[in-house]
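Asker: no FASTA, just this:
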């Protein structure tokens with residue numbers, strides 16, 4: 001294991017120093033075994049067809065964003081998500097009301113921040129763009145807007161790579177999967193189409209409007225997307241619900257994961273051990289090479305999580321079965337890192 005950080009104790013207040021720089025104590029019991037998941041939050045799998053059925057004839061407004069490394073990625077606009085929630089009966093749910101009122105970016109066991117694209121997701125995209133990673137089964141653990149998976153999909157379509165690929169996208173909230181995760185995947189795929197074909201797939205006599213920043217999810221477009229996935233041997237899998245032993249069993253019951261991506265998930269001292277233990281458990285069930293990329297801010301001020309704490313904890317629970325390297329991102333005052341993990 002090799003790593004270095006660009007901050008010192010002088011950069012931290014007393015509270016952050018106590019939380020972030022004190023070595024982790026050896027875990028007395030696995031965090032995964034102490035979790036109690038309410039029945040309503042148990043993980044469950046959703047099919048592509050099920051999610052697509054909730055988006056039929058929805059007009060998606062999107063924008064393109066350039067990452068710090070200069071890579072182009074597309075994502076649905078947050079105001080457009082709010083507009084759809086307002087137009088649905090589900091707008092009266094606790095999740096819908098909280099998003100519309102902008103009360104919080106996070107409310108434990110209700111909403112885990114998945115509607116927004118956080119800074120470290122762009123770092124993950126740039127890392128993926130910097131080199132070719134061998135992968136056949138990807139798990140984006142806490143995907144939210146799923147920009148890293150969108151980039152993997154985008155590069156696969158543009159390169160013509162037709163090797164089999166399964167992408168499992170997980171988020172606590174089902175509504176995040178259907179309102180941003182899947183739309184972003186469709187938008188990034190649609191960006192590879194000739195404009196004439198995209199125009200033909202998204203307009204009709206009833207809906208003649210075609211704008212460069214919108215995509216109407218017609219039946220024809222969804223069918224074309226599904227056909228493209230089949231042609232390129234891509235399988236999309238969606239899982240909502242809480243992390244824990246049940247989640248890990250559900251994921252590994254159908255596939256062996258050889259590449260995990262997890263962005264902005266170690267923000268809390270309560271969640272951080274679950275992430276670390278789940279990475280060990282999921283990758284240990286894979287024969288052969290298995291890797292993981294964790295993208296995170298070095299310190300989550302006011303919340304308590306940190307890269308140092310994650311590295312210390314992971315080092316203890318991994319029992320020297322993994323190689324770990326930490327690469328710091330130094331493009332702003334907001335210090336961030338990529339933790340690269342590989343099974344020995």
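Answerer: Received the coordinates, thanks. Bear in mind that the values here come from a model prediction, so they are computed numbers and not experimental data. Numbers count the residues shown, from 1 in each chain.
Asker: which sections of this protein are below the confidence cut-off?
Answerer: 1-28, 89-112 (pLDDT under 70).
Asker: residue at max distance from the center of it?
Answerer: In the chain, the residue that sits farthest from the middle, by Cα atoms, centre = their mean, is residue 205; the gap is 37.2 Å.
Asker: Surely residue 287 and residue 252 touch.
Answerer: No: in this structure, residue 287 is not within contact of residue 252 by Cβ atoms under 8 Å, at 11.8 Å. C-beta coordinates here come from the backbone N, C-alpha and C atoms, glycine included.
Asker: who has more neighbours, those two?
Answerer: In this view residue 287 and residue 252 are compared by other Cβ atoms under 10 Å, and residue 252 has more residues nearby, 17 against 8.
Asker: What separation do you get for the residue nearest to that one when sequence neighbours are not counted and residue 257?
Answerer: In space, and not counting its chain neighbours, residue 252 is closest to residue 285: 4.9 Å by Cβ to Cβ, 6 or more residues apart in numbering. Counting by Cβ to Cβ, to the nearest Å, the gap from residue 285 to residue 257 is 8 Å.
Asker: So between these two, which is more surrounded?
Answerer: residue 257 (24 against 16).
Asker: Might you report the residue contacts of the more buried one?
Answerer: 137-139, 168, 251, 282-283, 285-286, 290 (Cβ atoms under 8 Å, 6 or more residues apart in numbering).
Asker: now the closest residue to it other than its chain neighbours, what's its secondary structure?
Answerer: Leaving aside its sequence neighbours, residue 257 sits nearest to residue 139 (Cβ to Cβ, 6+ apart; 4.6 Å). Under DSSP: H, G, I helix; E, B strand; the rest coil, residue 139 falls in the strand class.
Asker: With residue 117 instead?
Answerer: coil.
Asker: is it fair to say residue 295 lies in a strand?
Answerer: Yes: counting by three-state DSSP, residue 295 is part of a strand.
Asker: neighbours around it, how many?
Answerer: 28.
Asker: what sits opposite it in the beta ladder?
Answerer: Assessed by DSSP bridges, residue 295 has beta-bridge partners residue 263, residue 338.
Asker: who are the neighbours in contact with it?
Answerer: Applying Cβ under 8 Å, 6+ apart, we find residue 295 in contact with 120-121, 123-124, 127, 261-264, 336-339.
Asker: Just give the nearest non-adjacent residue to residue 122, would you?
Answerer: That would be residue 67: by Cβ to Cβ, 6+ apart, it lies 4.2 Å from residue 122.
Asker: ok, the one you found touching residue 74?
Answerer: No: with contacts counted by Cβ under 8 Å, residue 67 stays clear of residue 74, the gap being 11.8 Å.
Asker: Looking at the two, which one has more neighbours?
Answerer: Neighbour tally, residue 67 and residue 74, criterion other Cβ under 10 Å: the higher count belongs to residue 74, 23 against 18.
Asker: Mind telling me what element that one is part of?
Answerer: Per DSSP states H and E, residue 74 falls inside strand 72-76.
Asker: Which elements pack onto that strand?
Answerer: When contacts are defined as 3 or more Cβ pairs under 8 Å, 6 or more residues apart in numbering; DSSP states H and E, strand 72-76 packs onto strand 59-66, helix 147-159, helix 182-190.
Asker: Which parts of this protein are strands?
Answerer: 2-3, 44-46, 59-66, 72-76, 137-141, 165-171, 214-216, 234-240, 259-263, 291-297, 322-329, 336-343 (DSSP state E).
Asker: Just give the nearest non-adjacent residue to the residue nearest the centre of the chain, would you?
Answerer: By Cα atoms, centre = their mean, the chain has its centre lying nearest to residue 143, at 1.9 Å. Counting by Cβ to Cβ, 6+ apart, residue 169 is the residue found nearest to residue 143 once chain neighbours are left out, at 4.4 Å.
Asker: Good, we can wrap up now.
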